[in-house]
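Colleague: return a 3D structure for these sequence lines:
(chains A and B)
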Number of protein chains: 2
Amino acid sequence: MPNISHRGELMPASPIRKLVPFAEKAKLRGIKIYHLNIGQPDIETPKQMMDAVKNTNIKVLEYSHSAGFESYRRKLVEYYKKCGISLNHHNIMITTGGSEAILFGMMSCLDAGDEIIIPEPLYANYNGFSTAGNIVIKPITSTIENGFALPAISEFEKLITPKTKAILICNPNNPTGYLYSKEELLQLREIILKYDLFLFADEVYREFVYDGKEHFSVLNMQGMDEHVILMDSISKRYSACGARIGALISRNNKIMETALKFAQARLSPPTLEQVLAEAFLDVPDNYFAEVEKEYVGRRNLCIARLNAMDGVLCPLPGGAFYGIARLPIDDSDKFCQWLLEEFNYNNETVMLAPATGFYSTTGLGKDEVRIAYVLKKEDLNKAMDCLQAALKVYPGKVEKVHGSELGVLN
Amino acid sequence: MPNISHRGELMPASPIRKLVPFAEKAKLRGIKIYHLNIGQPDIETPKQMMDAVKNTNIKVLEYSHSAGFESYRRKLVEYYKKCGISLNHHNIMITTGGSEAILFGMMSCLDAGDEIIIPEPLYANYNGFSTAGNIVIKPITSTIENGFALPAISEFEKLITPKTKAILICNPNNPTGYLYSKEELLQLREIILKYDLFLFADEVYREFVYDGKEHFSVLNMQGMDEHVILMDSISKRYSACGARIGALISRNNKIMETALKFAQARLSPPTLEQVLAEAFLDVPDNYFAEVEKEYVGRRNLCIARLNAMDGVLCPLPGGAFYGIARLPIDDSDKFCQWLLEEFNYNNETVMLAPATGFYSTTGLGKDEVRIAYVLKKEDLNKAMDCLQAALKVYPGKVEKVHGSELGVLN
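Modeller: This is a model prediction of the structure:
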């Protein structure tokens, strides 16, 4: 039998999804699982958007333009205008999910062996797409003690080599929930211009910003038009993860022309789901206010419950709907699998994402998990009950005092 | 400004889509265009499939499993059984179009620098995905004089190097319409086993086989389970190109496990369009018989009209809905652009795909175009009227006698 590719061997399994087979088996055993492993909100997709698909009179489900419906791209110009971002529809390409925007952006800007600097913990799928394209991630570690704030610019500068082509930032951050300030982003701007790099920004959680803070978009940085590539998506904004509709955005025409060639190779994004996406204009303005209120409630509950548990630390996220929690455990991969395979609390358990997969540096994240607070408060409370009970009986429990390990108990 | 990637520079524009801006301008000038450039059938998507989406009661448009709906994969097992192909649902992964099946298959099996042998002319997007993955296509030229039959196995063998990992075959063939016989495929089997290679097969036109011939699937070759990777799609089968629902199929578990990691990185295929795809079971059995009858009529009309034109040669396709026609022209890229920019016949023109983009060998295909006979006969006739008139006045016309050039006229 011929061997599969080396990059296929290197390709990481998703930390968010690799435990799915264990979850499926637990469900077969009658265990109810609270899914805090994946950013799949339980909020209903706006009816106006679903209705647009149900009422379509499409007879032949045709390919669309490789850059997506022009009509939708023009409506997105209006959306960004409301966000204070000035674009024209040539700056926007519709992609099959934000995922494809990452892929096209990376492929258009980086060659095999090129380096991209990303603060870690990082969205796990950046690892995946980098591996697929033989691109090297140079991680710069942010710490839980510091609330996962942007590492000092001097630390970024230390990582720059002749192979460095780009820096990537996710704001608000997945998986930490950290909201980068305008000041932090302007520091990044200096280094981008100094070393003539690209700046990739993932802003899919733009609307999920709490406590009266404001989101500052990289698209509003002066003098950065040739450098900035934005990855966007409707998945979280409209609770439409399954639509797989995202966008790649840049004012750099050369990037857009190049990305279009990658887009042509895959022909077009899904047509029906573009019909759905385009109907976002019919969603009432108060939609986000209600969603924000709901998420603030969920966040407050979840983070308070976490920090009340013995040996658990979770900084308060400023945005998105994730948090990285440090747990008193030996190994987050083992613990998350154990939760599905061996544990239950009144026939229920909780599924979490081991944080190891969110670090590019091997060995980090072993006592951390990513928690997505995407369930209604009642369910979140039950999920926290499960976690609290689990931490009491987990065989690999580690006693922590002021953050230092005393050793494995039991 | 930082430079885009070398692979981005190398990435070919799609020959099927690169002339779209000229078509858009022609439409603005009031010109009606017959699109024979793209395999976008005008056949209606089965109502049963569209209705499945319209009647869905999905409230939260969630991600699906990265391998697609298990229910749909199980139904596909039944579909393949009807085709005489024995599979289980673990052999099947749902992809975002057949395009993604090509990408995942190539990425899972070939590294940067590895070689894949493909008979040319070839489906242009194989070029695109190979470039994205730094994979080297070694083309083996099939000729119009030979009706684009499989080149001799000895010719394949000459191309094999230590870097050769795979052979790819599209059957029935896009862009030539050639239907490979069982005998031809069994010859390929020998060389695959002898050199321990992968065999990629694109069988998305399986149902489009004419004149009472039978399609032989690579999945029915003995002793090839570890070697065969099939790329499939509902795009043409159900005239649902815009759904972007395909499948990657292999009985080699290692390949499926590896492809799943690439699939996890992009999360899931589109959910609503999987609902649509899954409803294929409700489509009546006589659907394909009617479609086949329609396409045979279109093919016969189109090929007869082409071969009746001075200096034009087009072999009769045995399957799919494409043909490669040799035209008495200097340069197919120039000609196809001229058709859109400078020509009209009663305010109408025809859009064709220059064959240059379907060859991997530079310089080939300059007097050939790909024609997709995807329009109803009335429209096909008008498109042929346009082409006939165009060939009389095209400034780059070349006089051909028995296939040899006499020189550019005018």
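
Colleague: residues of the helix or strand containing A:Ile33 that come out buried?
Modeller: Secondary structure assignment for A:Ile33, by DSSP states H and E: strand A:32-35. Applying a neighbour-count criterion of 16 or more other CB atoms under 10 Å in any protein chain shown, one finds A:33-35 buried in strand A:32-35. All C-beta spots, glycine's among them, are computed from the backbone N, C-alpha and C.

Colleague: okay if I get those as TSV plus pLDDT and distance to B:Leu159?
Modeller: What follows is those, written out as TSV (pLDDT from 0 to 100; distance: CB to CB, whole Å):
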residue	pLDDT	distance to B:Leu159
A:Ile33	98	52
A:Tyr34	97	55
A:His35	96	50
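
Colleague: and of those, the nearest to A:Arg326?
Modeller: Sorting these by how near they are to A:Arg326, with CB to CB, puts A:Tyr34 at the top with 20.1 Å.

Colleague: adding distance to B:Arg237 as columns, could you present the buried residues of strand A:32-35 in CSV?
Modeller: Shown next, in CSV, are the buried residues of strand A:32-35 (distance: CB to CB, whole Å):
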residue, distance to B:Arg237
A:Ile33, 36
A:Tyr34, 40
A:His35, 34
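
Colleague: nearest to chain B among these?
Modeller: A:His35 (10.2 Å; CB to the nearest CB).

Colleague: what sits closest to that closest one if chain neighbours are left out?
Modeller: A:Met351 (5.2 Å; CB to CB, 6 or more residues apart in numbering or on different chains).

Colleague: A:Asn171 too?
Modeller: A:Tyr180 (4.5 Å).

Colleague: who are the contact partners of that neighbour?
Modeller: A:150, A:169, A:171-173, A:216 (CB atoms under 8 Å, 6 or more residues apart in numbering or on different chains).

Colleague: all the helices of chain A, in order from the start?
Modeller: A:6-10, A:20-28, A:47-54, A:70-82, A:97-109, A:124-132, A:153-159, A:182-195, A:253-265, A:271-278, A:286-307, A:332-341, A:377-393 (DSSP state H).

Colleague: packing partners for the fifth one?
Modeller: Contact analysis of helix A:97-109 by 3 or more CB pairs under 8 Å, 6 or more residues apart in numbering or on different chains; DSSP states H and E lists strand A:92-96, helix A:124-132, strand A:198-202, strand A:228-233, strand A:245-249, helix A:253-265, helix B:6-10 as its packing neighbours.

Colleague: so which bits of it are buried?
Modeller: A:97-109.

Colleague: reformat those residues as TSV; add pLDDT and distance to B:Leu197.
Modeller: Shown next, in TSV, are these (pLDDT from 0 to 100; distance: CB to CB, whole Å):
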residue	pLDDT	distance to B:Leu197
A:Gly97	98	33
A:Gly98	97	36
A:Ser99	96	31
A:Glu100	97	30
A:Ala101	98	34
A:Ile102	97	32
A:Leu103	96	27
A:Phe104	97	30
A:Gly105	98	33
A:Met106	97	29
A:Met107	97	26
A:Ser108	97	31
A:Cys109	98	33
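
Colleague: which one of the residues you listed is nearest to A:Ala240?
Modeller: A:Gly97 (10.4 Å).

Colleague: count of residues packed around the residue lying closest to that closest one once chain neighbours are set aside?
Modeller: Excluding its sequence neighbours, the residue lying closest to A:Gly97 (CB to CB, 6+ apart) is A:Arg244, at 4.1 Å. The number of residues packed near A:Arg244 is 32, by other CB atoms under 10 Å in any protein chain shown.

Colleague: for A:Arg244, give me the pLDDT.
Modeller: Note for A:Arg244: predicted pLDDT of 98.

Colleague: so what's it up against?
Modeller: Contacts of A:Arg244 (CB under 8 Å, 6+ apart): A:96-97, A:99, A:235, A:269-270, A:273, B:96, B:267-271.

Colleague: rerun that using 7 Å as the cut-off
Modeller: A:96-97, A:270, A:273, B:96, B:270 (CB atoms under 7 Å, 6 or more residues apart in numbering or on different chains).

Colleague: nearest to B:Leu199, of the helices of chain A?
Modeller: helix A:6-10 (17.1 Å).

Colleague: hmm, who's touching the closest one?
Modeller: A:131-132, A:134, B:107-108, B:111, B:258.

Colleague: between the residues you listed, which has the most around it?
Modeller: B:Ser108 (27 neighbours).

Colleague: can you tell me the closest non-neighbouring residue to the residue nearest the centre of chain A?
Modeller: Nearest residue to the geometric centre of chain A (CA atoms, centre = their mean): A:Asn174, 4.1 Å. Nearest residue to A:Asn174, sequence neighbours excluded (CB to CB, 6+ apart): A:Tyr123, at 4.8 Å.

Colleague: domain assignment for chain A?
Modeller: By the assignment in automatic domain parsing, chain A contains the domains A:6-44+A:286-398, A:47-282.

Colleague: need the contact partners of stretch A:376-396.
Modeller: Against stretch A:376-396 from outside (CB under 7 Å, 6+ apart): A:34, A:36, A:42, A:297-298, A:301-302, A:305, A:309, A:327-331, A:334-335, A:338-339, A:343, A:345, A:348-350, A:373, A:375, A:397, A:408, A:410.

Colleague: swap the cut-off to 6 Å and go again
Modeller: A:34, A:36, A:298, A:301-302, A:305, A:309, A:329-330, A:334, A:339, A:343, A:345, A:348-350, A:410 (CB atoms under 6 Å, 6 or more residues apart in numbering or on different chains).

Colleague: any quick PyMOL command for the buried ones out of those residues?
Modeller: To isolate in PyMOL the members of the contacts of stretch A:376-396 that are buried, counting by 16+ other CB under 10 Å, one can use:
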select buried, chain A and resi 34+36+298+301+302+305+309+329+330+334+339+343+345+348+349+350
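
Colleague: where does pLDDT dip in the stretch 301-410 of chain A?
Modeller: A:400-410 (pLDDT under 70).

Colleague: apply 90 and report the result again.
Modeller: For the stretch 301-410 of chain A, the stretches with pLDDT under 90 are A:399-410.

Colleague: returning to that earlier point: tell me which of the helices of chain A sits most buried.
Modeller: Compared across the helices of chain A, helix A:97-109 shows the largest average neighbour count, a mean of 27 (mean count of other CB atoms under 10 Å in any protein chain shown).

Colleague: just put the helices and strands packed on helix A:97-109 in JSON lines and tack on distance to A:Thr161.
Modeller: Below are the helices and strands packed on helix A:97-109 laid out as JSON lines (distance: least, CB to CB, whole Å):
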{"stretch": "strand A:92-96", "distance to A:Thr161": "30"}
{"stretch": "helix A:124-132", "distance to A:Thr161": "16"}
{"stretch": "strand A:198-202", "distance to A:Thr161": "15"}
{"stretch": "strand A:228-233", "distance to A:Thr161": "21"}
{"stretch": "strand A:245-249", "distance to A:Thr161": "26"}
{"stretch": "helix A:253-265", "distance to A:Thr161": "22"}
{"stretch": "helix B:6-10", "distance to A:Thr161": "18"}
